[in-house]
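Peer 1: give me a model of this one.
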Amino acid sequence: YIAENEKLKMLVFTDPTCPYCQRLHRDIDRLNKAGISVYYMLYPRALVRGSEDKSAQAVISMMNTFWCSDTPQETMDRIYNHEYVEPSDQCFAKEQGRTDLPVQEHFLLGRIFNLAATPLTVLSDGRLLYGYGGFSKFMDRVGEI
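Peer 2: Numbers count the residues shown, from 1 in each chain. Predicted structure coming up:
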């Protein structure tokens, strides 16, 4: 979600099943208008719980659907709006300059950041915003950027 007059970049470890990530997602328009671009890292919480059940696989499939979409931003918006998105049998990520199916890579990077809860936000100026509480405090000051 690229801001037209970018002043700051925000990398967010997110999981669409996380209610706090859903709240953060609703603020993207406001962030973009303030000059803040938002980049998502896919971090399925089901893997944190050590769950290898069907729910974990469903989350990974959902995230791969977003990542592989030829319209990833639109697809992620639909996922966050609780709409069903049909998984594709082909991946457009490489054509768009992204790696194929990075969920595991994003998850490992989150572990390096010692991510305990989603969302975790990393700002391009080096600040870390832990959880939605850290993000909401940042949002209180977003007009000052």
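
Peer 1: now the helices: where do they sit in this structure?
Peer 2: 19-25, 28-33, 45-48, 54-68, 72-80, 103-112, 131-140 (DSSP state H).

Peer 1: got the contact list for the nearest residue to M76 once chain neighbours are set aside?
Peer 2: Nearest residue to M76 in three dimensions, chain neighbours excluded: F66, at 4.9 Å (CB to CB, 6 or more residues apart in numbering). The way it works is simple: take the backbone N, C-alpha and C, and place the C-beta from them, glycine included. F66 is in contact with 16, 42, 72, 75-76, 79, 85, counting by CB atoms under 8 Å, 6 or more residues apart in numbering.

Peer 1: what about L129, neighbour count?
Peer 2: If you count neighbours by other CB atoms under 10 Å, L129 ends up with 20.

Peer 1: that one against R141, yeah?
Peer 2: No - counting by CB atoms under 8 Å, L129 stays clear of R141, with 11.2 Å between them.

Peer 1: that older thread, tell me which of the helices of the chain lies nearest to C91.
Peer 2: When these are compared by CB to CB, helix 54-68 sits nearest C91, at 3.7 Å.

Peer 1: who's in contact with the residue nearest the centre of the chain?
Peer 2: The centroid of the chain falls nearest to Y40 when counting by CA atoms, centre = their mean (3.1 Å). Y40 makes contacts with 12, 14, 76, as judged by CB under 8 Å, 6+ apart.

Peer 1: most surrounded residue in these?
Peer 2: If you rank the contacts of Y40 by neighbour count (other CB under 10 Å), T14 sits at the top with 27 neighbours.

Peer 1: sweet, I'm off.
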